[in-house]
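Participant: coords please:
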Amino acid sequence: MAAAAFKGTVSLRGISGESYIEAISMSDVANAYVTFDATGLTFCHIPEPAAIVDIVCVTGGTDTTKMRIFVNGRDTGKTFVNTAVLNTINNRVPLPINVGKPSSGQGVDLQIKQLA
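Facilitator: I've put the predicted structure just below:
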């Protein structure tokens, strides 16, 4: 099938209580990372440990069906199907998903990889 790019939003809450809301673009290409619209990069730097509190996609792709979370270049093992984060459903994936170690206080680089 032909890839069908789509958009979404990732919302995070830092341990300080600060909110981080990032628009993302998905290319619908297997093993490609999503692009964070604000920077055009395939990662988003959060200046403190945080938790993903919501992920929503406007539609799903045709070539990819899942996404996987990476933090600081490491695979977290957390994978979810695209249909579990569509904006048309009210019971999206179980959240929050913690990213970073609160004990370190250090920021994190978040990446989301598209999977077939």
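Participant: After the helix or strand of the chain with the lowest mean pLDDT, which helix or strand is next? Please name it.
Facilitator: The least trusted helix or strand in the chain, going by mean pLDDT, DSSP states H and E, turns out to be strand 97-99, with a mean of 92. The helix or strand immediately downstream of strand 97-99 is strand 108-115, counting by DSSP states H and E.
Participant: send the alpha carbons of that next one over as CSV?
Facilitator: Extracted in CSV, the C-alpha atoms of strand 108-115 (Å, rounded to 0.1, in the frame of the first residue of the first chain):
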residue,chain,number,x,y,z
VAL,A,108,14.9,13.2,28.5
ASP,A,109,14.9,12.8,24.8
LEU,A,110,11.6,11.2,23.7
GLN,A,111,11.3,9.4,20.4
ILE,A,112,8.4,7.4,18.9
LYS,A,113,9.1,4.8,16.3
GLN,A,114,6.5,3.7,13.7
LEU,A,115,6.2,-0.1,13.2
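Participant: For stretch 22-41, buried residues please.
Facilitator: Residues of stretch 22-41 classed as buried: Glu22, Ile24, Met26, Ser27, Asp28, Ala32, Tyr33, Val34, Thr35, Phe36 (neighbour count, 16 or more other CB atoms under 10 Å). The way it works is simple: take the backbone N, C-alpha and C, and place the C-beta from them, glycine included.
Participant: that older thread, who's in contact with the least confident helix or strand of the chain?
Facilitator: Residues outside strand 97-99 that contact it (CB atoms under 8 Å, 6 or more residues apart in numbering): Leu12, Ile46, Pro49, Ala50, Ala51, Ile52, Ile69, Val71, Thr76, Lys78, Val108, Leu110.
Participant: coming back round to it: ok, which pair from the buried residues of stretch 22-41 is furthest apart?
Facilitator: Using CB to CB, the pair of the buried residues of stretch 22-41 lying farthest apart is Glu22 and Asp28, separated by 18.6 Å.
Participant: what about the strands in this structure?
Facilitator: Under the criterion DSSP state E, the chain contains strands at 6-14, 19-26, 35-36, 44-46, 50-57, 66-71, 74-81, 97-99, 108-115.
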